[in-house]
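Asker: sequence first, predicted coordinates after that:
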Amino acid sequence: MFEKSIKAYEKACEVIPGGVDSPVRAFKSVGGTPPFIKKGKGAYLYDIDGNKYLDFVQSWGPLIFGHCNKDIEKAVIKTAKKGLSFGAPTNLETKLAEEIVEMFDNIDKVRFVSSGTEATMSAIRLARGVTGKNDIIKFEGCYHGHSDSLLVQAGSGMATFGAPSSPGVPADLTKHTLLCEYNSVEQLEKCFEQSSDIACIIIEPIAGNMGLVPATNEFLKACRKLCDKHGALLIFDEVMSGFRASLKGASGILDVQADILTFGKVIGAGMPVGAFAASKEIMSHLSPEGKIYQAGTLSGNPVAMAAGLESLRKLKDNPEIYDELSKKAKRLVDGLKKVAYKNGIPLQVNTRGSMFGFFFCEKEPKNFKDVGLCDFKRFAIFHHEMLKKGFYFACSQYEAGFICTEITNKDIDACIKDADTVMKNLK
Ligand SMILES: *Cc1c(COP(=O)(O)O)cnc(C)c1O
C-alpha cells in the first residue's frame with residue numbers, strides 16, 4: 001500500500017538528510033514511512049501509491065482554502081507570467097500590506113520576509129534595537145522558527161537562562177534567552193526579577209506547536225502588564241494563528257494587544273511568505289528608515305504576494321468562513337472525544353477557529369510538561385491506523401491540526417466513524 005513511497009523515501013535519504021527538508025515530515029514520532037505526495041485537490045491529498053487522504057495538515061496551516069483553490073491558482077499564474085522576481089518594489093506588496101494594516105488597530109506598517117523563522121528573528125532584532133536591551137523571554141513548547149537564539153531548552157538547576165537545544169548553537173547565543181513555563185505568571189514574574197535587560201516577550205498567544213494549548217487570558221494580561229512595567233515589548237507570534245484562529249488571528253479573540261505581530265503560513269497561502277508588523281513609531285527604526293538592519297533578496301516576492309493577497313481578500317470578503325470552519329473543527333473534536341470515551345480512552349480536545357488539537361491524556365494540558373505526560377504510543381497507533389483508512393493527521397501529538405473550507409461535515413463524520421473502529425483496538 002505504501003511501496004512506492006517506501007522506495008522514494010529510501011532514494012531521498014541518499015541525497016537529503018533523513019530524506020526530508022523539515023524534520024517533522026519524516027514521521028519519526030509515529031514510525032513508518034511518510035507518504036510521498038503526488039498532488040492535492042480541495043480537502044484531499046494523493047500519494048504516489050494512489051492512496052487518497054482527507055488532509056487535516058494543510059501544509060501545516062497555510063492552506064485555509066485547501067489545495068488548488070481556483071482563485072489563488074489564477075492569481076499566482078497571472079503574476080508568474082510577468083516574471084518571478086525583480087528585487088525591486090511592486091504594487092502587490094503595498095496592496096497586501098494595506099490589507100493587513102487595515103485589519104489591526106495596533107499596527108501601521110508591515111515588512112515582508114520569506115518565512116516564519118525570518119519574521120520572528122527580525123521581530124526580535126527590532127525589539128532589541130528599539131529598547132536597547134538584550135534579553136528575551138520565550139516559553140517552553142512555543143516554537144518560533146529555527147534561529148539560533150530561539151533553539152533553547154531549560155538549563156540545569158533553577159536557572160531560567162536557556163541552554164542550546166541543538167548542537168551548532170553556541171551557548172553565548174542562547175544565554176540571552178530566558179525560558180519560562182507557558183501559562184505560569186509566577187515564573188514570568190521571576191524572569192523579570194532575574195534580569196533588568198529584557199527587550200521583549202515572544203509568545204504564541206495560541207500555542208500550536210505543542211499540540212493546541214491556548215494561553216489563558218490572565219496569563220496574556222500578565223505578559224502585557226510586565227512588559228509595560230519594565231519597558232519591554234510584547235511580540236505575538238501569529239505565524240500559525242494569524243488568519244486561522246479568527247480573521248484577526250489570536251489578536252481578534254483576545255483582550256490583550258501586542259506591540260509587534262509576526263505572520264506566516266496563511267499569509268502566503270502556500271507560497272513562502274512571512275511578515276512582521278508594528279506601529280509606525282516602532283517600524284521607523286527599521287532600515288532604510290532607521291538603523292536596525294533587515295533585508296531579503298526574495299522578500300515580498302510578487303508571486304507569493306499575489307497568492308497572499310488573493311487569499312486575504314477572499315477571507316475578508318467572506319468572514320462567515322470562520323464560523324463555518326470553527327463549527328467543523330468542533331464537530332470533529334467533539335466526535336473524536338465521544339468515540340474515545342465510548343471506548344474507554346481518555347482524550348482531551350480543543351479548538352480555536354480552524355485550528356484543533358487532541359491529546360491522549362486524562363487532564364487538559366496547560367503547558368509543555370503536561371503535554372509530555374500524554375500517551376505517545378497510543379497516538380502513534382491511532383495516527384498509523386487512521387492513515388491506513390485515508391485520514392492524514394499531523395504525525396505528532398506536538399502538532400496542531402487544521403480545517404480547510406473544502407472539508408465537509410460528511411468528511412468529518414466519516415472520519416469519526418473510522419476513528420471509532422480504530423479506538424476499539426487502542427486499549
Ligand atoms: C511555523 C511557525 C514558525 C516558523 O515558520 P517557518 O515558515 O517554518 O519558518 C514560527 N512561529 C510559529 C508560531 C509557527 O507555527
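Answerer: That came in fine, so what should we check first? Numbers count the residues shown, from 1 in each chain.
Asker: which residues are in contact with stretch 167-180?
Answerer: For stretch 167-180, contacts defined as CB atoms under 8 Å, 6 or more residues apart in numbering pick out 134-140, 148-155, 160-164, 187-188, 190-191, 194-195, 198. Just so you know, the C-beta spots here come from the backbone N, C-alpha and C atoms, and that holds for glycine as well.
Asker: now those residues: which count as buried?
Answerer: The neighbour-count test (16 or more other CB atoms under 10 Å) marks 135-140, 148-152, 154-155, 160-164, 187-188, 191, 195, 198 as buried among the contacts of stretch 167-180.
Asker: what is the burial count for P170?
Answerer: 10 (other CB atoms under 10 Å).
Asker: mind checking pLDDT for it?
Answerer: pLDDT, P170: 94.
Asker: same check on A159?
Answerer: 54.
Asker: output the set of residues of this structure in proximity to the ligand.
Answerer: Residues of the chain lying near the ligand by CB under 6 Å from any ligand atom: 115-117, 120, 143-145, 204, 208-209, 237, 239-240, 264, 274.
Asker: show me where this structure has helices.
Answerer: Assigned by DSSP state H, the helices in the chain fall at 3-15, 70-80, 91-103, 116-131, 171-174, 185-194, 217-230, 280-283, 302-317, 320-342, 368-372, 376-388, 409-424.
Asker: let me know which of those helices is tucked in deepest.
Answerer: Neighbour counts (mean count of other CB atoms under 10 Å) averaged over each of the helices of the chain peak at helix 116-131, with a mean of 24.
Asker: who are the packing partners of it?
Answerer: On a contact count with 3 or more CB pairs under 8 Å, 6 or more residues apart in numbering; DSSP states H and E, helix 116-131 meets strand 109-113, strand 135-139, strand 198-203, strand 233-237, strand 260-263, strand 274-278, helix 280-283.
Asker: stretch 342-349 - what's its average pLDDT?
Answerer: pLDDT averaged over stretch 342-349 gives 97.
Asker: can you give me the end-to-end distance of it?
Answerer: End-to-end distance for stretch 342-349: 15 Å, by CA to CA, to the nearest Å.
Asker: swap in stretch 129-149?
Answerer: Using CA to CA, first and last residues of stretch 129-149 are 16 Å apart.
Asker: and the residue of the stretch 251-400 of the chain closest to the ligand?
Answerer: G264 (4.6 Å; CB to the nearest ligand atom).
Asker: got it, and the chain?
Answerer: For the chain, CB to the nearest ligand atom, closest residue to the ligand: G116, 2.1 Å.
Asker: neighbours around the nearest residue to that residue once chain neighbours are set aside, how many?
Answerer: Spatial nearest neighbour of G116, chain neighbours left out: G264 (3.2 Å); criterion: CB to CB, 6 or more residues apart in numbering. For G264, the neighbour count with other CB under 10 Å is 28.
Asker: state the phi and psi torsions of G264.
Answerer: phi -170, psi -150 (degrees, to the nearest 10).
Asker: pretty sure it contacts V239?
Answerer: Yes: proximity of G264 to V239 meets the contact threshold set by CB atoms under 8 Å, at 3.6 Å.
Asker: so what sits against both of the two?
Answerer: G116, A119, G274.
Asker: doesn't G264 make contact with the last one?
Answerer: Yes: between G274 and G264 there is a contact under CB under 8 Å: 4.2 Å.
Asker: need the residues touching each of those two.
Answerer: Between them, G274 and G264 share these contacting residues under CB under 8 Å, 6+ apart: S115, G116, A119, V239.
Asker: point out where this structure drops to low pLDDT.
Answerer: 155-159 (pLDDT under 70).
Asker: next up, the contacts around the residue nearest to G252 when sequence neighbours are not counted.
Answerer: Distances taken as CB to CB, 6+ apart place S246 nearest to G252, at 3.8 Å, with adjacent residues excluded. Residues counted as contacts of S246 (CB under 8 Å, 6+ apart) are G252, I253, Y322, G353.
Asker: let's have the helices and strands packed on helix 116-131 in TSV, adding distance to S22.
Answerer: Listed next are the helices and strands packed on helix 116-131 as TSV, based on distance: least, CB to CB, whole Å:
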stretch	distance to S22
strand 109-113	17
strand 135-139	20
strand 198-203	21
strand 233-237	18
strand 260-263	18
strand 274-278	15
helix 280-283	30
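Asker: contact partners for M271?
Answerer: V76, N301, V303, A304, A307, G308.
Asker: how about these, which pair is most distant?
Answerer: For those, the maximum inter-member distance is 11.0 Å, found between V76 and N301 (CB to CB).
Asker: any idea how far the residue nearest the centre of the chain is from L336?
Answerer: Taking CA atoms, centre = their mean, the centroid of the chain lies closest to M240, which sits 2.9 Å from it. To L336, M240 is 21 Å away according to CB to CB, to the nearest Å.
Asker: same check on L234?
Answerer: Applying CB to CB to L234 and L336 gives a distance of 34 Å.
Asker: try A400
Answerer: To L336, A400 is 14 Å away according to CB to CB.
Asker: what's the answer for V152, then?
Answerer: 33 Å.
Asker: swap in Y143?
Answerer: Applying CB to CB to Y143 and L336 gives a distance of 24 Å.
Asker: ok, T117 next?
Answerer: For T117, the distance to L336 - CB to CB - is 32 Å.
Asker: what residues are up against F243?
Answerer: Per CB under 8 Å, 6+ apart, neighbours of F243: I64, G249, F263, V266, I267, L312, L315.
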